[in-house]
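**Q** Generate a structure from the sequence data that follows.
(one chain, ligands or ions: 1)
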Amino acid sequence: MATQQQYGKVDWAGEDRQNNSQYSRGDKFMTLEPGLNRIRILSEAYKYVFHKIKFQNDSQSKFGRNIRCSIKECPLCAQGEPQKIKYVFGVVNRKTKEFKYLDAAQAIHIAIKGIQKNMPGYENVYDYDLNIIVNPNGGSTNYYQTLQGEKSPMSADDIEMMDNVDVEFIEKFIEPVSPEDVSKSVDRIQSWLEKQAAKMAAEAAPAGQGQERQSAPQKPQAGRPRKAVQAAPSPPPQEDNDEPEQKTIDDSAFNFKLIKK
Ligand SMILES: [Zn+2]
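**A** Residues are numbered from 1 along each chain as shown. Next up is the predicted model:
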């Protein structure tokens, strides 16, 4: 089946992508910052499946690249790569007072589940803010800490923002890609990394001239400013925060408890 062409704004620098829904994150998503992030949940959570792949010589990504799983006939599953889970839901970012989607690690989801289950009075996720603390040095188990915040009724703005939750958008976002798209993503990152390596090798050896003349003991090159280190070219689109790999837990039975008022 041919992919339906879409119309609209295109990215000059970007590659053509048949299925770009998973990359067109724009500013719809909240970036969790190191330290405290206060949110209020505004929607149910939607689960999706991906792989975390560590590529060779990938100095830009500390923990590996997220590549969507096709679930059916997935080439990465076939290679024995474990499936990872994330959740998407609508939130208010309390710091900016904006509506955003949160692309949340399973650890965050499980922590919220724990709060609902174990904290008396916190059964309804819409009744309180959540504090997500990001510790970049926390490793796979302590990277995220999610704690219940103060209980307070939703404000009129919060309730209004619930209307921003675009279920169609989320459903498209979480849709598994095709097996071909999985392979394409792997190839795209691989070829980008190869280009990077070639570029770095070329920059490291502009030799040609100079090398021989430097037979005299090297003097510190005072006065001559070194060519400014070139800004690293932007890495291929990364789906989300570069977060450490986390243990995947089977939580298929769980979703946020919704208590409609
Ligand atoms: Zn897979």
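
**Q** Just the terminal-to-terminal distance for stretch 68-87.
**A** In stretch 68-87, first residue to last residue: 13 Å (Cα to Cα, to the nearest Å).

**Q** And for stretch 29-49?
**A** When the termini of stretch 29-49 are compared using Cα to Cα, they are 18 Å apart.

**Q** can you pull the contacts of whatever residue of the stretch 151-261 of the chain ends up closest to the ion?
**A** Closest residue of the stretch 151-261 of the chain to the ion, Cβ to the ion: Val182 (6.7 Å). Every C-beta, even on glycine, is put in place using the N, C-alpha and C of the backbone. For Val182, the contact set (Cβ atoms under 8 Å, 6 or more residues apart in numbering) comprises Ile67, Arg68, Cys69, Ser70, Cys74, Pro75, Leu76.

**Q** helix or strand for it, which one?
**A** Following DSSP states H and E, one finds Val182 within helix 179-204.

**Q** Do you know the pLDDT at Thr3?
**A** Here, the pLDDT recorded for Thr3 equals 45.

**Q** Show me the strands in the chain, by range?
**A** Assignment of strands within the chain using DSSP state E yields the ranges 35-41, 46-53, 65-68, 84-93, 98-105, 128-134, 144-151.

**Q** Including mean neighbour count and mean pLDDT, could the ones you listed go into JSON lines?
**A** What follows is these, written out as JSON lines (neighbours: other Cβ atoms under 10 Å; pLDDT from 0 to 100):
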{"stretch": "strand 35-41", "mean neighbour count": "19", "mean pLDDT": "97"}
{"stretch": "strand 46-53", "mean neighbour count": "19", "mean pLDDT": "94"}
{"stretch": "strand 65-68", "mean neighbour count": "24", "mean pLDDT": "92"}
{"stretch": "strand 84-93", "mean neighbour count": "22", "mean pLDDT": "95"}
{"stretch": "strand 98-105", "mean neighbour count": "22", "mean pLDDT": "95"}
{"stretch": "strand 128-134", "mean neighbour count": "19", "mean pLDDT": "97"}
{"stretch": "strand 144-151", "mean neighbour count": "16", "mean pLDDT": "94"}
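
**Q** Just the buried ones out of the contacts of Val182, please.
**A** Neighbour counting with 16 or more other Cβ atoms under 10 Å marks Ile67, Arg68, Cys69, Ser70, Cys74, Pro75, Leu76 as buried within the contacts of Val182.

**Q** Which two of the residues you listed have the greatest separation?
**A** Between any two of these, the greatest separation by Cβ to Cβ is 11.7 Å, found for Arg68 and Pro75.

**Q** Thank you, goodbye.
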